[in-house]
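Asker: here are the coordinates; sequence isn't available:
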Ligand SMILES: NC(=O)c1ccc[n+]([C@@H]2O[C@H](COP(=O)([O-])OP(=O)(O)OC[C@H]3O[C@@H](n4cnc5c(N)ncnc54)[C@H](O)[C@@H]3O)[C@@H](O)[C@H]2O)c1
Ligand SMILES: O=C(O)C(=O)C[C@]1(C(=O)O)C=C[C@@H](O)C=C1
């Protein structure tokens with residue numbers, strides 16, 4: 001049970017957490033904090049938060065849990081605003097998609113011996129952003145990764161894990177660096193690829209015809225290119241090393257595919273595609289039923 005939860009950035013991720021916790025009556029009070037009243041008033045109308053304020057320091061003064069759910073590029077500014085007012089025993093957590101950057105920023109702003117920060121990442125979302133897109137079951141059966149550091153207070157870690165479990169999520173722990181490498185491979189690279197594919201087509205003279213005749217394959221592959229450019233620009237800039245190394249690996253692999261096509265190596269193409277198809281089919285068979293059933 002949380003007395004007062006303060007959410008910075010009441011959008012898809014912060015809003016969905018608030019809805020799930022409200023449904024479970026897990027918080028006495030959920031307060032939204034942001035840059036302008038328009039979005040926060042909308043969040044009130046949608047029943048996502050109990051109240052809001054634009055005053056970051058006033059918001060956190062008597063909070064017992066603070067969640068940062070703003071784009072990665074806005075995290076440090078929020079930390080600077082709240083650091084003086086944050087109560088010593090208040091738990092600070094985040095929902096950002098990259099973990100190395102926020103761990104470094106918290107160390108810089110709050111000090112190297114700060115123990116109340118629990119880095120977190122719900123590995124669930126969609127291409128729509130904003131509080132209108134928030135839903136109570138977004139995290140049901142999905143994974144939430146916590147990346148505690150040596151400093152993290154075990155009690156704070158347990159409290160954040162308990163909060164996410166209330167949403168129906170499966171909570172796991174992982175080292176920060178591993179998180180950023182793994183997510184670069186399965187989330188960040190696919191997004192860069194989807195944006196890059198659409199960008200490539202936009203620059204072609206036959207653009208109009210290409211898009212007119214695009215069907216399910218294009219639609220499925222490019223769904224995530226409708227995601228928020230601010231969020232994805234920030235993820236690229238804050239997890240640059242891991243993403244660049246994945247782009248490099250993909251470029252090498254693409255060049256190999258190009259060579260097989262150019263040299264008409266049908267057997268080799270077939271073998272590589274068969275291996276990839278099997279791996280993808282196995283992934284779906286192994287993980288999708290777990291997620292729909294909400295099992296670990
Ligand atoms: N969208 C996803 O699929 C997804 C999944 C997991 C984690 N995340 C992470 O969660 C965070 C939020 O993403 P989202 O999809 O909810 O985005 P969103 O755009 O839906 O919500 C972000 C909110 O933050 C507010 N905001 C932006 N800059 C701010 C600032 N400087 N100060 C205060 N408020 C500010 C926006 O007005 C908005 O209400 C990001 O760090 C993102 O990387 C996103
Ligand atoms: O399903 C989507 O649309 C998402 O973009 C969700 C998704 C992803 O799976 O890559 C995107 C970013 C997050 O940090 C976590 C999850």
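Answerer: That came in fine, so what should we check first? Quick caveat: nothing in here was measured; it's all calculated off a predicted structure. Residues are numbered from 1 along each chain as shown. Ligands and ions are numbered 1, 2, ... in the order given.

Asker: So which residues on the stretch 1-150 of the chain come close to ligand 2?
Answerer: 97, 123-127 (Cβ under 6 Å from any ligand atom). Where C-beta positions appear, they are placed from N, C-alpha and C, glycine not excepted.

Asker: Check the burial of residue 57 by counting its neighbours.
Answerer: Neighbours of residue 57 under the rule other Cβ atoms under 10 Å: 14.

Asker: okay but it is in contact with residue 80, surely?
Answerer: No - using Cβ atoms under 8 Å, residue 57 makes no contact with residue 80, being 10.9 Å away.

Asker: Filter the residues of the stretch 1-150 of the chain next to ligand 2 down to the buried ones, PyMOL style.
Answerer: In PyMOL, this line selects whichever of these come out buried by 16 or more other Cβ atoms under 10 Å:
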select buried, resi 97+123+124+125
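
Asker: so how far does stretch 28-37 reach from one end to the other?
Answerer: End-to-end distance for stretch 28-37, by Cα to Cα, to the nearest Å: 22 Å.

Asker: check whether it contacts ligand 1.
Answerer: Yes - contact of stretch 28-37 with ligand 1 (Cβ under 6 Å from any ligand atom) involves 34-35.

Asker: got it, and stretch 228-242?
Answerer: Yes - applying Cβ under 6 Å from any ligand atom, one finds stretch 228-242 in contact with ligand 1 at 228, 231, 235.

Asker: Among these, which one has the most neighbours?
Answerer: Greatest neighbour count in these, by other Cβ under 10 Å, goes to residue 235: 25 neighbours.

Asker: Who are the contact partners of the nearest residue in space to that one that is not next to it in sequence?
Answerer: The spatially closest residue to residue 235, leaving aside those adjacent along the chain, is residue 97, at 5.1 Å (Cβ to Cβ, 6 or more residues apart in numbering). With contacts defined as Cβ atoms under 8 Å, 6 or more residues apart in numbering, residue 97 is in contact with 72, 121, 183, 187-188, 231, 235, 239.

Asker: Give me the three-state assignment for residue 97.
Answerer: The three-state label given to residue 97 by DSSP: H, G, I helix; E, B strand; the rest coil is coil.

Asker: repeat for residue 5
Answerer: Following three-state DSSP, the label given to residue 5 is strand.

Asker: was I right about it contacting residue 22?
Answerer: No - if you go by Cβ under 8 Å, residue 5 and residue 22 don't touch, sitting 10.0 Å apart.

Asker: what about stretch 118-134, average pLDDT?
Answerer: The average pLDDT for stretch 118-134 rounds to 97.

Asker: And the strands in the stretch 151-296 of the chain?
Answerer: 170-173 (DSSP state E, counting those that start in this stretch).

Asker: Close to ligand 2: what parts of it are there?
Answerer: Checking the stretch 151-296 of the chain against ligand 2 by Cβ under 6 Å from any ligand atom, the hits are 187, 224, 227.

Asker: out of those residues, who's nearest ligand 2?
Answerer: Ligand 2 lies nearest to residue 187 out of these, by Cβ to the nearest ligand atom, at 3.3 Å.

Asker: and that closest one, how far is that from residue 211?
Answerer: Going from residue 187 to residue 211 by Cβ to Cβ, to the nearest Å gives 26 Å.

Asker: Equivalent analysis for residue 218, please.
Answerer: 8 Å.
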